[in-house]
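A.B. asks: Pasted the sequence and its predicted model underneath.
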Amino acid sequence: MKTHKPLFDGERYLTSEELCSILKISRRTLQDYRSNGILPFIQLPGKVLFRESDIKNVLEERLRPAYNSSL
């Protein structure tokens, strides 16, 4: 129950801490991604949230196929 997060309009939102943990990046790297417009975010007073579907879209758009040495 500790990890359960209610959905807002069918969407899940992640905190900076959660996203850093998922992506295995530092908070500073996450800040750079935000500042450079790489990751969209929602700014609330004292809180930054990331829409899970936005993060998935960014990751899919930037996906590069693995190098295939057999070609």
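C.D. replies: Ah, there it is.

A.B. asks: Tell me where this structure has strands.
C.D. replies: 13-15, 42-44, 47-51 (DSSP state E).

A.B. asks: Check which strands are paired with the first one and give the direction for each one.
C.D. replies: Meaning strand 13-15. Its sheet considered, strand 13-15 pairs with strand 47-51 (antiparallel) by DSSP bridges.

A.B. asks: so how far is the partner strand from its chain's centroid?
C.D. replies: 9 Å (CA atoms, centre = their mean, to the nearest Å).

A.B. asks: Reformat the strands of the chain into JSON lines and put mean pLDDT next to each item.
C.D. replies: JSON lines is the format used below for the strands of the chain (pLDDT from 0 to 100):
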{"stretch": "strand 13-15", "mean pLDDT": "95"}
{"stretch": "strand 42-44", "mean pLDDT": "94"}
{"stretch": "strand 47-51", "mean pLDDT": "95"}
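
A.B. asks: May I see those strands arranged in CSV, with mean neighbour count as well?
C.D. replies: Just so you know, the C-beta spots here come from the backbone N, C-alpha and C atoms, and that holds for glycine as well. Formatted as CSV, the strands of the chain follow (neighbours: other CB atoms under 10 Å):
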stretch, mean neighbour count
strand 13-15, 17
strand 42-44, 9
strand 47-51, 16
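
A.B. asks: what residues are up against P40?
C.D. replies: Contacts for P40 (CB atoms under 8 Å, 6 or more residues apart in numbering) come out as 50-51, 54, 58.
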